[in-house]
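1. I need the structure of the sequence given here:
(chains A and B)
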Amino acid sequence: MAETLSGIEKLKAKVGVRWQPREYTIEGEMIRRFTRAVGDPNPLWKDGTTAPPTFTLATGFEQFVEDLMKLTPFNTVFMGSTEIESYQPMKLGDVITVVFEISNLRERKGQMGRMAFLTFESTYKNQEQALVAKCRQMVIGY
Amino acid sequence: MSIQLYYQDVRKGDEVTPLVKEPTPRQLVMWAGAVGDYMPIHYDQEYARSRGLKGIIVHGQLVGAFLGQLMTDWVGKQGSLSKLSCSYKGMNYPGEKITLRGKVLRKYVRGGENFVECSVWAENPKGEKTASGTATVVLPYGDDYKRKGRKRR
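-> Residues are numbered from 1 along each chain as shown, chains lettered A, B, ... in the order given. Presented below is the predicted three-dimensional model:
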């Protein structure tokens, strides 16, 4: 068995590097699609004007994962952990700037052979430059 | 959700009102679309099996979002969820019940806000914890609330 996952070098070079900021305009349908998917009928976000705190998971994630998967040799990725800090809710019409960064990468021999544990962090600022949320997640790739 | 929870009503050891979910493959597809997570282990049975799984699995983040709902349901419209952290320890499969639970660990006032920290977790039908972590919520202090006729949770 190889000492390291082959093809992981590209990913290693990205640790501590900030992604280019990306902007997302929050639309009501994005919020409603999210709450329908969760099956969350809370009247606070039913009309799509206010997003639940976990909506951060839907903001910019797709593009980040797309970038990430181009760098990884993994066949399968599992989510290992999620941490969300919410300072104020995202609202309809907000322009949210998201910045992702891989903060940690380590390898270990696990049940599935060599596995990589990758932690990434993201910050979410609104159009007034107020920090609305922070997120830290860990994924396990093999 | 109709009854507002107040800071002074909460005690260490109190149970968060449980939430039960039973996600279908359709719900996983809805989640995939809502957040843009298109890993095939969440929609392609054959692929999932080839990766050593029993079948397609529920997205960890969806279980995280369920835990978020558990807490926002509990705190009512005047409360808020300020922090949620959870680790995914086991698989949840669509068609199986997921019970989301929580318990009050401690409460404290900081910067004029009333915080309640809870342990939170998700259970599969066997009662095994498939995700667990902590959630911190902010609750209103109900000093001007007419307490008459209100049940303590």
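
2. in space, what's closest to B:Tyr47 - neighbours in sequence excluded?
-> B:Pro40 (4.3 Å; C-beta to C-beta, 6 or more residues apart in numbering or on different chains). Every C-beta, even on glycine, is put in place using the N, C-alpha and C of the backbone.

3. tell me which residues touch the nearest residue to A:Ala51 once chain neighbours are set aside, please.
-> Among residues not flanking A:Ala51 along the chain, A:Met90 sits closest, at 4.3 Å (C-beta to C-beta, 6+ apart). Residues near A:Met90 by C-beta atoms under 8 Å, 6 or more residues apart in numbering or on different chains: A:26, A:31, A:50-51, A:55-56, A:59, A:96, A:124, A:126, A:132-133.

4. do you know how far A:Met90 is from chain B?
-> A:Met90 is 13 Å from chain B, where distance means C-beta to the nearest C-beta, to the nearest Å.

5. pLDDT score assigned to the closest residue to B:Val75 other than its chain neighbours?
-> Once flanking residues are discounted, B:Val75 sits nearest to B:Val137: 4.8 Å by C-beta to C-beta, 6+ apart. Looking at B:Val137, its pLDDT stands at 98.

6. try A:Thr76
-> 83.

7. quick check, the residue in chain A closest to chain B?
-> The nearest approach of chain A to chain B comes at A:Glu62, 2.4 Å away (C-beta to the nearest C-beta).

8. list the contacts of that residue.
-> B:35-37.

9. now, the residues you listed that are in strands?
-> Among the contacts of A:Glu62, no member falls in strands (DSSP state E).

10. quick check: what element follows the strand or helix carrying the residue of chain A closest to chain B along the chain?
-> In this structure, A:Glu62 sits in helix A:61-71 according to DSSP states H and E. Next along the chain after helix A:61-71, taking DSSP H and E as the criterion, comes strand A:77-86.

11. what pairs with that next one, parallel or antiparallel?
-> Strands that pair with strand A:77-86, judged by DSSP bridges, come out as strand A:131-141 (antiparallel), strand B:80-88 (antiparallel).

12. got the contact list for the last one?
-> Residues from elsewhere that reach strand B:80-88, judged by C-beta under 8 Å, 6+ apart: A:53-54, A:78-87, A:89, B:60, B:63-64, B:67-68, B:71-72, B:75, B:115, B:120-122, B:130-138.

13. what sits against the residue nearest the centre of chain B?
-> By C-alpha atoms, centre = their mean, chain B has its centre lying nearest to B:Leu67, at 1.3 Å. Going by C-beta under 8 Å, 6+ apart, B:Leu67 touches B:84, B:86, B:100, B:102, B:120-122, B:131, B:133, B:135.

14. report the buried members of the contacts of strand B:80-88.
-> A:53-54, A:78-86, A:89, B:60, B:63-64, B:67-68, B:71-72, B:75, B:115, B:120-122, B:130-138 (16 or more other C-beta atoms under 10 Å in any protein chain shown).

15. buried residues of the biggest strand by length in chain A, list them for me.
-> Of all segments of type strand in chain A, defined using DSSP E, the longest is strand A:95-110. Buried positions in strand A:95-110, judged by neighbour count with 16+ other C-beta under 10 Å: A:96-102, A:105, A:107.
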